[in-house]
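1. Quick one, what's the 3D model for this:
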Amino acid sequence: MGTDETVRTQKRYDRQAWLYDLKEWPVEFAFKPLRRRLWSEVRGNLVLEIGVGTGKNFSHHPPGARVVGIDISPKMLRRAARCARRLGRDIDLVLADAQRLPFRDGVFEAAAATFVFCSVPDPVAGLEEARRVVTGGGRIHLVEHVRSGNRIVGWLMDSLNPIVVRMMGANINRDTVSNVARAGIRIEGVESRGFGILKLISGSKGQTGPESVSLGEREPATTKEGVVRDVAHG
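-> Numbers count the residues shown, from 1 in each chain. Below is the predicted model:
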């Protein structure tokens, strides 16, 4: 799977999968409108959702699109599969690491993630992978929580971050907008909500930076071999 931190991340989310929706229920009042807003802007026949978790975005997926969803946690994916069945959605779910996506270059017309790159051990690597797997005209849509620009609140978030990561798996002090730019994604829009802590970020593949290596040099981990074979090898 990769680094020790990646393994720890998987175990953290496996451990809390059974109560994740209950634990997140209070903040969903604020997050659900952002999820709906993000997905209302997603276009394409083949779309990648990075970090599907328990399937909170499934009801917002664009009608008619084929959606492939990945997550690093097998237990989260099992809950996501139950959610898809309950909603009557046909979603291809793949066990995979966002830092090493098991798909060929430029296969998706869009990629989206909500509150994911706070948890990826190397967020820039994950964002570079998102950029790699979208088409030249493809767009990348993100909703993330980030470090506050307020000096005192930012200091508090820095101080609490080690505890929050160990307990929840998410970093609360990342500068995701800067990470998106570092990954070579052309930023086309950033909207701030929640006193600047919540960000809606949209971007496109752009032309910056070297292309990542192709899937031929990777060994995909998946729960649906046919899906990986289809979008990874054509």
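
2. Any buried residues in stretch 153-170, and which?
-> Met157, Asn161, Val165, Met168, Gly169, Ala170 (16 or more other C-beta atoms under 10 Å). Any C-beta I mention is one placed from the backbone N, CA and C, and that applies to glycine too.

3. ditto for stretch 177-194
-> Residues Val177, Asn179, Val180, Ala181, Ala183, Gly184, Ile185, Arg186 are the ones in stretch 177-194 that count as buried (16+ other C-beta under 10 Å).

4. what helix or strand does the second one sit in?
-> Assigned by DSSP states H and E, Asn179 falls within helix 176-182.

5. What's the mean pLDDT across the helix or strand that comes right after that helix?
-> The element immediately downstream of helix 176-182 (helix or strand, assigned by DSSP H and E) is strand 186-193. Averaging pLDDT along strand 186-193 gives 95.

6. got a list of contacts for strand 186-193?
-> If you take C-beta atoms under 8 Å, 6 or more residues apart in numbering as the criterion, strand 186-193 is touched by 34, 139, 177, 180-181, 198-208.

7. Tell me the helix or strand right after it.
-> Later in the chain than strand 186-193, the nearest helix or strand by DSSP H and E is strand 198-204.

8. which neighbours does that next one have in its sheet, and in what orientation?
-> Using DSSP bridges, the strands paired with strand 198-204 in its sheet are strand 134-145 (antiparallel), strand 186-193 (antiparallel).

9. Next, the angle from the longest helix seen in the chain to strand 134-145.
-> With DSSP state H setting the assignment, residue counts place helix 151-168 as the longest helix in the chain. Helix 151-168 and strand 134-145 are oriented at 100 degrees to each other (axes from the mean of the first three to the mean of the last three C-alpha atoms, to 10 degrees).

10. Report the separation between the closest residue to Gly203 other than its chain neighbours and Thr9.
-> For Gly203, ignoring the flanking residues on the chain, the nearest one in space by C-beta to C-beta, 6 or more residues apart in numbering is Ile185 at 4.2 Å. Using C-beta to C-beta, to the nearest Å, Ile185 is found at 22 Å from Thr9.
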